[in-house]
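> Kindly generate the corresponding structure for this input.
(chains A and B)
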Amino acid sequence: MTALNEEKVVKEVIEGLIKRGFFNIVFVDDGSTDRTYDIVRNFDIVILRHIINRGKGASLQTGTEYILKKGFKVIVHFDADGQHNPDDIENLVKPISEENVDVVFGSRFIGSVKGIPLLRKLILKGGIAFTNFLYGIKLTDVHNGMRAFKADVFRKISFTEDRFAYASELLEKIVKEGLKFKEVPVTIRYTDYSLKKGQKNINAINILYRMLKRRFFA
Amino acid sequence: MLKYQIFFGAIVLLIIIWNIFSFKRGEIRLRRFFIFISFWLFVLLAIIFPEETNKIAKFFNITRGADFFIYISIIVIFYTLFKIYEKIEQIERNITKIVREIALIKKDREDNF
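Numbers count the residues shown, from 1 in each chain, chains lettered A, B, ... in the order given. The predicted structure follows:
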């Protein structure tokens, strides 16, 4: 789990996870300047702290490196802004243990999505179609922050994209490495808070540029 | 020699001298020094013999030498911007590595305390 300035919701999100029995939480505070770190310190979880903000991709890589050192077998990405539902984690992890899948992506479009603005939906759908075309895959959701991995996957791939373009980088590397992946339905709940805090629509242009650059010039 | 030739010629000469000193101080590498000097010598020649640039421009089917220079300048500026952008990206990646290392080392220390 990674977070930047989530003092308003982070307590509730972590409590939700712990209540459902998920105790092995690695939390990366990505240079928060509000009370996020002080709030999270009250929980008995692993906290890594970036001294300055480096982005979601950078934070996930930090958490991953710690997890690999500690020898955990499965990694689940879970957003700290309250968009994700902890009840989905079990379904997300199941294909790893039961079907020997390497990566499981959560999909809001085969699951359910609440409160998504039309423009955001259109941008996401456009991004999904383009990503599928570029990498020759068939996914229904590509920028969903909820995913599960066999930890060993990260011995083959890593995040070099510091910001939000990490998601398409991840997908590209998974396809290149020929890893087995699957989608399962998850619920995403957009709130005024998460929309205000999360990715901006304009960021899609930057992600698109970086995808093309990696695909054709890397 | 016209006034503008003296003025711009002097500026370019100063840039060339500054480049030579930078190279001597080891601030720029041989390859970059060679590219810079070649470029500025070309600019100097174009200032001293402006009518010659018309010939080069005509070779590329451009009417005036001055237009040719503007096109070349735009290409050079965009290339420079691109190189700066690449350099910033590299620096950003290095900053991330340092920040990550600090986070992991701090955690390690906490765990072993």
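> Can you tell me the SS state at the residue nearest the centre of chain A?
Closest to where the C-alpha atoms of chain A average out (CA atoms, centre = their mean) is residue A:145, at 2.8 Å. When classified by DSSP: H, G, I helix; E, B strand; the rest coil, residue A:145 comes out as coil.
> Tell me who's in contact with the nearest residue to residue B:63 once chain neighbours are set aside.
Nearest residue to residue B:63 in three dimensions, chain neighbours excluded: residue B:57, at 6.8 Å (CB to CB, 6 or more residues apart in numbering or on different chains). The C-beta positions use only the backbone N, C-alpha and C, and glycine is treated the same way. Counting by CB atoms under 8 Å, 6 or more residues apart in numbering or on different chains, residue B:57 touches B:63, B:64, B:65, B:67, B:68.
> now residue B:57: how far from chain A?
As judged by CB to the nearest CB, to the nearest Å, residue B:57 and chain A stand 32 Å apart.
> and the closest residue in space to residue B:66 that isn't next to it in sequence, how many neighbours?
Nearest residue to residue B:66, sequence neighbours excluded (CB to CB, 6+ apart): residue B:53, at 7.5 Å. Using other CB atoms under 10 Å in any protein chain shown, residue B:53 is surrounded by 21 other residues.
> What subset of the contacts of residue B:57 is buried?
B:65, B:68 (16 or more other CB atoms under 10 Å in any protein chain shown).
> can you give me the helices in the chain?
In the absence of a named chain, this looks at chain A. Per DSSP state H, chain A carries helices over the ranges A:10-19, A:36-40, A:56-70, A:89-98, A:118-135, A:153-156, A:166-176, A:192-197, A:203-217.
> other chain: chain B
With helices called from DSSP H, chain B shows them at B:3-24, B:30-48, B:50-59, B:65-112.
> residues in chain A within reach of chain B, list them.
A:28, A:31, A:46-52, A:54-55, A:58, A:61-62, A:65-66, A:160, A:162 (CB under 8 Å from any CB of the partner chain).
> repeat that with 10 Å
Selection of chain A residues close to chain B by CB under 10 Å from any CB of the partner chain yields A:26, A:28-31, A:46-55, A:57-59, A:61-63, A:65-66, A:69-70, A:159-163.
> Please convert the buried members of those into ChimeraX selection syntax.
Selection of the buried residues among the residues of chain A next to chain B in ChimeraX, burial being defined by 16+ other CB under 10 Å:
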select /A:26,28,29,30,31,46,47,48,49,50,53,54,55,57,58,59,61,62,63,65,66,159,160,161,162,163
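> I'd like to know how many residues surround the residue nearest to residue A:120 when sequence neighbours are not counted.
Of all residues not flanking residue A:120 in the chain, residue A:201 sits nearest, at 6.3 Å (CB to CB, 6+ apart). A count of neighbours around residue A:201, defined by other CB under 10 Å, yields 13.
> I'd say residue A:157 and residue A:178 touch.
No. When contacts are counted by CB atoms under 10 Å, residue A:157 is not listed as touching residue A:178 (11.4 Å).
> Who has more neighbours out of the two?
Legend: neighbour count by other CB under 10 Å for residue A:157 and residue A:178, higher for residue A:157 (18 against 8).
> Which phi and psi values does the more buried one adopt?
With angles defined as degrees, to the nearest 10, residue A:157 sits at phi -130, psi 160.
> can you check the one 3 residues further on too?
Dihedral pair for residue A:160: phi -110, psi -20, per degrees, to the nearest 10.
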